[in-house]
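# Turn this into a structure:
(3 chains)
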Amino acid sequence: MPEPLLEVRDLVKHFPLPRTLLDAALRRPQETVRAVDGVSFRLSRGKTLGLVGESGCGKSTLGRCILRLYEADEGEVRFGGVDLMRLDERELVPFRTRMQVVFQDPYASLNPRQAVGHTLLEVLDVHEIGAPGERRERMAHLLTQVGLSPGDAHKYPGEFSGGQRQRIGIARALAVEPELLIADEPLSALDVSIQAQILQLLLDLRTSLGLTMLFISHDLRVVRYLCDEVAVMYLGRIVERAATEDLFANPRHPYTIALLSAVPEVWSRPRDEIPIEGEPPSAMRIPRGCRFHPRCPWKVERCLAESPALERVRPDHEVACHVATARPAAGLPEAPAARPETAPEG
Amino acid sequence: MGALAQEVVRPSGGRLHLHPGLVLGGTMLVLLAGAALLAPVLTPYDPNAQDFDLILQAPSLAHPFGTDNFGRDVLTRVLYGAAIDLRIGILAVLFPFVFGSLAGAAGGYSGGWVDTVVMRTVDVLTAVPFLVLVIAIVAFLGPGEVNVLLAIGGVGWVPYARLVRGEVLREKNLEYVAAARALGFRRGRILLGHILPNAIAPAVIFLASDVVLVILTAASLGFLGLGVRPPAPEWGMMIAGGREFLANGWWVAAMPGFACMYTGLAFILLGDGIADLLRVRGQ
Amino acid sequence: MSEALLVVEDLHVEIPTRRGTVEAVRGASFTVERGETFALVGESGSGKTMTCRAILRLVHPPGAITRGSIRFQGRDLVHLPEREVQRIRGTTVVMVFQDPMTALNPVLTVEEQITEAVPRSPSPASRRSRALELLRQVGMPDPERRLGAYPHQLSGGQRQRVMLAIALARRPALLVADEPTTALDVTIQAQILRLIVRLQKEYEMALILVTHDLGVVYQVVDRVAVMYAGQVVELATKADLFAHPRHPYTIGLIRSIPSVDRRRRLTPIPGIPPDLVGLGPGCPFAPRCAWASDECRAGEIPFLRVGEGHWSRCLKALQVGAAADA
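So this is what the prediction gives:
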């Protein structure tokens, strides 16, 4: 196996909740949000990994830890073989140009008081990309590359639509010619027809620039369209990881199955309802044993006590589920009878 | 491409839209400053020359604002006083604005001990009423214009620090700041080049009204005999001095009062105009 | 044949702003039958939310209904006195919103908010038991305990359940749901959608579901109105709309959605929606449309009948449709 471009090992990021003096006086235990709770994966050069999960599963925190926007508590983030977590801010700068990010909110992700051309030129100037005389041309090229016109350079973010702003955000990320692009929900704030445009743009850029991508999303439809492999997160852990085709054709983790069956699809009848109960618990109170067991219709005794690790069930397909890994060939048994949506949680 | 470069610097592309408040307030201030500078030309009288034949004369052609209890021409004193009051008003907000904004920005952005030092100082200074603190400092340093400036400057930065810190706290969590960090920009560039321009607007708007507050504070100090020393024609002292003659010489106190109002109005209009200029384009 | 439950005809809503008048709705027409599940689909700015606000006469001033009629159970809601409208609102026509956090009162408990909606009944105890029954019907976990909860103590899905309980208290004839699941996670969205459909059947209500998600439309409704730039551009049964779309915008939307089942190539609609200030005559979709010709840009585009119960606001509906079916 070739050296991956990005490798994350046992990454942990907990956020302690603020304590009041009263909490301390009463010796209440420190509460923490276990946003990322031991995540490992590898991403090979030129591949796109989709990181999916619902809100609060830690997928965005994971992305920010990789970018060192958050300081992770434990673990390693190896980029091109170098552990980024051991570098200080100055040593990190060369890696900043090799790894870039596109954010979700096209309204907050651009400085509203900076003309778009200025935003791009600043990046080129700071990292001294290209000769000073040709930076303007480079900026114009970046705008064209993302489907805007060089004439847009003097406009301000507020003068663009959401989709256009997302294009500007992409141009800014591409200005440093990165190898890895982390896209954190880049489509979820956009309208359907605009989503498709940006999705197509990302796809085209990935091909033409040979980008490696970590695509963070809650939308399985989009992930299916764009990604080579998919990792499903639940409450701070990866519960299933596989090549995209395999994951969508043979989902093994009960959560993945439930997630897939919940996607409102065009062209297919409502699927057999998977009886997933209630809502995810808070990341402050992660259940003992398998963190999915309170909502899992397949749970067995072992799930209540022992947290399952990611195990290989097929080539290039890993699952963290006691029931699924016990039957690697067959997958999960027949789903227990569907209960109405009135099922109480917990 | 040359034209583009210009437009990057000058976003409005020549079609500068001017807020009426900016024009009106600016004009009023320019007139006042011009009158203050040209006072020796505009009026034949000496601001401090006493003439006991002309005590408490009502406004007339020769003395449009009347005369005071020493027979001094009130218009002349108001014009000369404008120089003093404008100087105090502007100088005494400039330092608090710059220092308070930087302190608040640094505290808000770095957090930790920097924030603790800034905010605890702010708390202490807020605990004592503004005027009481200023009076105490002037009483300690002694009266006089320089000491008044020092006293107001030493206390007046507090609201700027608060305003800017709050804005910085909000802005620093927005994704454009995360993007700047991910691009490896230095802290100074992020704070001064990206966050501060987005966080400074409320402080600038406050600045305009603060000038008025400071002039009134200087006037109060003058009133208490702690400000500029007499017989300098400072408006606050003039109002204080004219108070005794409200019954038979209302103009002695009212005319400098109107001057205060005029100046206040000018700065408030200006602040309104600046607020409009600081609006984010396209929203 | 008696008239439909709700008949919206040539509805216009305008909002004056500093930039000019925003023509939020520009001649929307559709009907909703008793007990029917109907969807208004469109992207932001399409006028779908404004249309359903108009149905409840909830257009905030200075916005106003400037033309057209809304007949509900035979009565014209546009010209009804405000007091009469208030009587209808919350009793026979109810609405649930995208963000239940802002729609619920943060300082009242769940019980207080539900009993407020329950019709006057003899004793507080019976109102309480009715509130409890409603909470059970909307599938609230642990309903006895939740009666005393405040909105911030509930999750997004639970708040939406409370909204539904309040909406159902008066046994309405029409439920208008404005993006009720957009703020929710996909597994919770599925639960709430199933709940809405089940309640609709039990209460024999008509449902107008406002959404941007064609997937949700496909899973839930009977009939669809697709909105673009303030107009209903296509009106059809669900089956017809997806199998035989007759408007280029609908076709573009359908081709913009990826699927979890199979990888099919997306063909995004180019360009962006028009500015709703100072829209001239002609088809508002023409600048983004591959079929557009000079006549599309010239005059008013009629709402053409293209099949049994199927209407399209496109001069080239038949050409477009033939291409789409092929």
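# Who are the contact partners of the spatially most central residue of chain B?
Closest to where the C-alpha atoms of chain B average out (CA atoms, centre = their mean) is residue B:211, at 1.8 Å. Neighbour list for residue B:211: B:89-90, B:93, B:263, B:267 [criterion: CB atoms under 8 Å, 6 or more residues apart in numbering or on different chains]. Using the backbone N, CA and C atoms, a C-beta is placed for each residue, glycine as well.
# ok, so what distance separates the nearest residue to residue A:77 once chain neighbours are set aside from residue A:75?
Residue nearest to residue A:77 in three dimensions, not counting chain neighbours: residue A:84, with 4.6 Å by CB to CB, 6 or more residues apart in numbering or on different chains. To residue A:75, residue A:84 is 11 Å away according to CB to CB, to the nearest Å.
# Now for whatever residue of the stretch 101-250 of chain B ends up closest to chain A, how many residues are close by?
Across the stretch 101-250 of chain B, the shortest distance to chain A (CB to the nearest CB) belongs to residue B:184, at 3.2 Å. The number of residues packed near residue B:184 is 19, by other CB atoms under 10 Å in any protein chain shown.
# same deal with residue A:129?
15.
# wait, doesn't it sit right on residue A:175?
Yes. Under the criterion of CB atoms under 8 Å, residue A:129 makes contact with residue A:175 at 6.9 Å.
# what residues do those two have in common as contacts?
Common neighbours of residue A:129 and residue A:175, counting by CB under 8 Å, 6+ apart, are A:123, A:138.
# ok now stretch A:171-187, how far from the chain's centre?
How far stretch A:171-187 lies from its chain's middle: 13 Å, per CA atoms, centre = their mean, to the nearest Å.
# residues near residue 139, how many?
No chain was given, so I picked chain A. Applying other CB under 10 Å, we find 26 other residues in the vicinity of residue A:139.
# Chain B was what I was after
Around residue B:139 there are 13 other residues, counting by other CB under 10 Å.
# so what's it up against?
Residue B:139 makes contact with residue B:226, according to CB under 8 Å, 6+ apart.
# Could you measure from it over to residue B:225?
Separation of residue B:139 from residue B:225 (CB to CB): 11 Å.
# again with residue B:280
Distance of residue B:280 to residue B:225, computed by CB to CB: 47 Å.
# same check, this time on residue A:245
88 Å.
# ok, now residue A:88?
From residue A:88 over to residue B:225 (counting by CB to CB), the distance is 59 Å.
# Equivalent analysis for residue C:69, please.
Separation of residue C:69 from residue B:225 (CB to CB): 76 Å.
# Run through who's touching stretch C:286-305.
Residues external to stretch C:286-305 that are found in contact with it (CB under 8 Å, 6+ apart): C:29, C:232, C:235, C:248-249, C:252, C:269-272, C:274, C:281-283, C:285, C:311-317, C:319-320.
# okay, residue 259: pLDDT?
All of this is about chain A. For residue A:259, the pLDDT comes out at 90.
# nope, chain B please
As predicted, residue B:259 sits at a pLDDT of 90.
# Over to residue A:345?
Confidence score, pLDDT, at residue A:345: 39.
# Pick out the residue closest to the middle of the chain.
Here I'm looking at chain A. residue A:216 (2.4 Å).
# Actually, chain C is the one I wanted.
residue C:210 (2.4 Å).
# how close does that one sit to chain B?
For residue C:210, the distance to chain B (CB to the nearest CB, to the nearest Å) stands at 26 Å.
# and residue B:84, what does it touch?
The neighbours of residue B:84, taking CB under 8 Å, 6+ apart as the test, are B:145, B:228, B:232-235.
# host element of the residue nearest to the centre of chain C?
Secondary structure assignment for residue C:210, by DSSP states H and E: strand C:206-211.
# Domain parsing of chain A, as residue ranges.
According to the TED database, chain A comprises the domains A:4-227, A:257-325.
# err, chain C, not the other one
C:6-92+C:172-325, C:108-169 (automatic domain parsing).
# Let's have those in a markdown table, adding mean pLDDT.
Listed next are those as a markdown table, based on pLDDT from 0 to 100:
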| stretch | mean pLDDT |
| --- | --- |
| domain C:6-92+C:172-325 | 90 |
| domain C:108-169 | 88 |
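# could I get the ones you listed as a markdown table with distance to residue B:126?
Listed next are the domains of chain C as a markdown table, based on distance: least, CB to CB, whole Å:
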| stretch | distance to residue B:126 |
| --- | --- |
| domain C:6-92+C:172-325 | 38 |
| domain C:108-169 | 31 |
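# Residue A:221 and residue C:259 touch, don't they?
Yes. Using CB under 8 Å, residue A:221 is in contact with residue C:259, at 5.9 Å.
# joint contacts of the two?
Residues touching both residue A:221 and residue C:259 by CB under 8 Å, 6+ apart: residue A:265.
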